[in-house]
Structure formats: C-alpha cells, structure tokens
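>>> Next comes the sequence, and after it the predicted model I'd like to discuss.
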Amino acid sequence: MGRLRYIFFLSLSVLLATAQEDLFDLLDEESESTQYTYATFKGTKLLNGQTNETPGKGVLQYIISHRFGSFTDEYLYNFFGLDNAHIRMQLDYGFSDRLNIGIGRSSVLKTSDAFVKYRALRQKTGATFFPFSVTLYSALNYRGARFTDGIDHNTTDRLSYHHQAIFARKFNERLSLILAPSIVHWNLVPGPEDPNDTYHLLIGGRYKLSKRIALTSEYAFSSNRSYGSGATEERFHNPMSVGVDIETGGHVFQFHLSNTRAMSDPLWVAQNPYSAANGSLFLGFNISRVFTVNQ
C-alpha cells in the first residue's frame, strides 16, 4: 500500500505543478473572472465506472443498480434475465462541493463497500486556465459471502481495495471523455503466484444527443487476466459497456448493455469472468435520485 500512496501523491504533485498560473496570466485584467466547467457528466457514475462528478454540498444521493441475467442463460425462460437479476444499492453524501463519502451493498458475493471521492482539480477557463478535471476515488470492499474452501478465514481475507485517479475533460456541450488509471488490491488471492495488485485503465465518454439524452460507453484494460505463471488461458476479460442516459429533473436513468455482471469495483474491473465474444451480455440500469438535505 505504501507504493500505491507514493504513486498517487506523486501524480497529484505533478498535476498541481503543471496547474500553476503562467506569468502572462498574472498580467490579465483583474476584471476577467474564472469560469469552472460544470456538468462534464450528468451523473456520478458513467456506467459501471465513476465519473469526475460528485453531489453538491449538502446533497444526499441514492443509486439503485440492476444487472439482469445473460442472454445465453435461458433468457426467455428466466423472463428476459429478470429471474437472475443482481442488485446494488448506494447511499452517499456531499460534505462539500468537492468531497463525497458513501456506502453500498451488492448481492454479488454479498459485497459491502465504503468509498471516498475528492475533486482535486477542476477544469476552468478565464483568468486562470486548466484543461481537465482530476478526481481521486478510493473504495474499501468487504465480501460477506461464505467461503466454500473449508478454511477458517480471517476478516482481512474478505477485504479488497480500489484506488483510482479520474481524468475528465468536457470538450464542448456534447462531448466529454474520461481516462482513469487504477489499482485493485486483494488481501487474499488463490495461490502464491497470483498477484495481490492488478492495474487497470478505464476509458469512457458521453455524447449528448439532446438536452436530456446522451450516449455513453466505457472499456477497461487490465494488467492481469489469468492467475498463476503457468496459466495458458484467460480467466478474466476486459469489461465493456454501452448505454444511454436519460435525465428527468432529480432522476438520472442509465440503461446499458455490458459483459460484466458484478457492481462492486474490484469484481467488475479486475475479475470479470464474462466474454462478449461468447455471448455473455447483460442488460442493466442505474437510477439515481438526489435530495438536498442541508443548504
């Protein structure tokens, strides 16, 4: 974990250094103001992954997510996958316009999680300029499902972590893109040759079709898709999703098609067993609702 902290602090230091005002900016007219970029994305989640957005100060957000059964798993018999659906619920709060803390619970392996999200840098124009936003995200996950290996496990064996730096840029009113490197750490891995740390890179974007409708997509590259030095076949596959966002005032509806079913970060980004090439595709949705509880 020491190496992880070093990487993130080093990255943040470099970004802060590059964000220093140019000498000519100091000579700009005092009347020129700074404009921060808002609504790079409509929601705090893109599809499975995080965006750079957080709820505003004093805003409570509730997100409910569903993933239905695979098209290859007796789809019609299982009522279009509904009989095999998984669910995740999330509740988070904006302590400031930049700091967000939340909890969640997913039915996949009965995983509970807690996370913190901080908007370190914001895209802005005017008197001072910075070309993109940077948000830091860190999540702790706890596996609640029983182990079936007959071993008496410690509580720490159930823990995994996901740490991410989210780089986002709003190019214009229609197009926004994300580049998000991350690391997943597992306290428990299957064998001595298996890595505790895996590295990932998520790319994604949104293209607005109208004021309230947008197309979205994401894809995550993984550093390790098999376990053990002697492994010859991929055990895990890179997750990918495409979807549509529909905004209706206080709600954001996100409908999508994905090759991953889990919703807790380490599972969907680092241990996705499903391949779209084999027909393992899942319909799903996220619905978010915000409540202003403290102005």
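Ah, there it is.
>>> what is the mean pLDDT for stretch 87-103?
For stretch 87-103, mean pLDDT rounds to 97.
>>> Flag every buried residue along that stretch.
Within stretch 87-103, the residues that qualify as buried are 88, 90, 92-94, 98, 100, 102, counting by 16 or more other C-beta atoms under 10 Å. For every residue, glycine as well, the C-beta is placed using N, CA and C.
>>> ditto for stretch 124-139
For stretch 124-139, using 16+ other C-beta under 10 Å, the buried residues are 124, 127-128, 130, 132-139.
>>> and if you look at stretch 249-260?
252-254, 256-260.
>>> Strands of the protein, residue ranges please.
Secondary structure of the chain (DSSP state E): strands at 34-36, 59-70, 86-94, 99-106, 111-121, 124-126, 133-143, 159-170, 175-186, 197-208, 213-222, 240-248, 251-258, 282-292.
>>> Name the strands paired with the fourth one and say parallel or antiparallel.
The partner list of strand 99-106 in its sheet, established with DSSP bridges, is strand 86-94 (antiparallel), strand 111-121 (antiparallel).
>>> okay if I get those strands as CSV plus distance to residue 46?
As requested, the strands paired with strand 99-106 are arranged in CSV below (distance: least, C-beta to C-beta, whole Å):
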stretch, distance to residue 46
strand 86-94, 14
strand 111-121, 13
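>>> Select, out of these, the one closest to residue 267.
strand 111-121 (6.9 Å; C-beta to C-beta).
>>> follow-up on the earlier one: pLDDT-wise, what's the bottom of the buried residues of stretch 249-260?
residue 252 (91).
>>> Pull the contacting residues for that one.
42-43, 245-246, 286-288 (C-beta atoms under 8 Å, 6 or more residues apart in numbering).
>>> again, only using 7 Å
42-43, 245, 288 (C-beta atoms under 7 Å, 6 or more residues apart in numbering).
>>> farthest pair in these?
So, these by C-beta to C-beta: farthest apart are 245 and 288, at 10.2 Å.
>>> what touches both of those two?
43, 252.
>>> Any stretches of the stretch 1-150 of the chain with poor pLDDT?
Low-confidence segments of the stretch 1-150 of the chain, defined by pLDDT under 70: 1-32.
>>> still on that earlier bit, can I get the buried part of the contacts of residue 252 as one ChimeraX selection?
Restricted to buried positions by 16+ other C-beta under 10 Å, the ChimeraX selection for the contacts of residue 252 reads:
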select :42,43,245,288
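>>> Could I get the contacts of residue 252 in JSON lines, plus columns for distance to residue 162?
Converted to JSON lines, the contacts of residue 252 look like this (distance: C-beta to C-beta, whole Å):
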{"residue": "42", "distance to residue 162": "23"}
{"residue": "43", "distance to residue 162": "19"}
{"residue": "245", "distance to residue 162": "23"}
{"residue": "288", "distance to residue 162": "20"}
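>>> picking up where we left off before, which two among the buried residues of stretch 124-139 are spaced furthest apart?
127 and 139 (35.6 Å).
>>> on that earlier part again, looking at the buried residues of stretch 87-103, which is nearest residue 38?
Nearest member of the buried residues of stretch 87-103 to residue 38, counting by C-beta to C-beta, is residue 98, at 13.3 Å.
>>> Return the residues in contact with that closest one.
Contact partners of residue 98, counting by C-beta under 7 Å, 6+ apart, are 54, 118-119.
>>> let's go with 6 Å and repeat that
residue 119 (C-beta atoms under 6 Å, 6 or more residues apart in numbering).
>>> Can you report phi and psi for it?
The phi and psi values for residue 98, taken as degrees, to the nearest 10, are phi -120, psi -20.
>>> Of all the residues in stretch 234-244, which ones are buried?
236-241, 243.
>>> and which of these is nearest residue 196?
For those, the nearest to residue 196 is residue 236 (15.2 Å; C-beta to C-beta).
>>> so for stretch 287-295, what's the average pLDDT?
89.
>>> Please point out which parts of that stretch sit buried.
Neighbour count says stretch 287-295 has 287-288, 290 buried, by 16+ other C-beta under 10 Å.
>>> just stretch 209-220 next, same as before
214, 216-218, 220.
>>> Tell me which two of the residues you listed sit farthest apart.
214 and 220 (20.0 Å).
>>> which one of the buried residues of stretch 234-244 is nearest residue 206?
residue 243 (9.7 Å).
>>> OK, contacts around the nearest residue to that closest one once chain neighbours are set aside?
Once flanking residues are discounted, residue 243 sits nearest to residue 256: 2.8 Å by C-beta to C-beta, 6 or more residues apart in numbering. When contacts are counted by C-beta under 6 Å, 6+ apart, residue 256 is found next to 47, 241, 243, 284.
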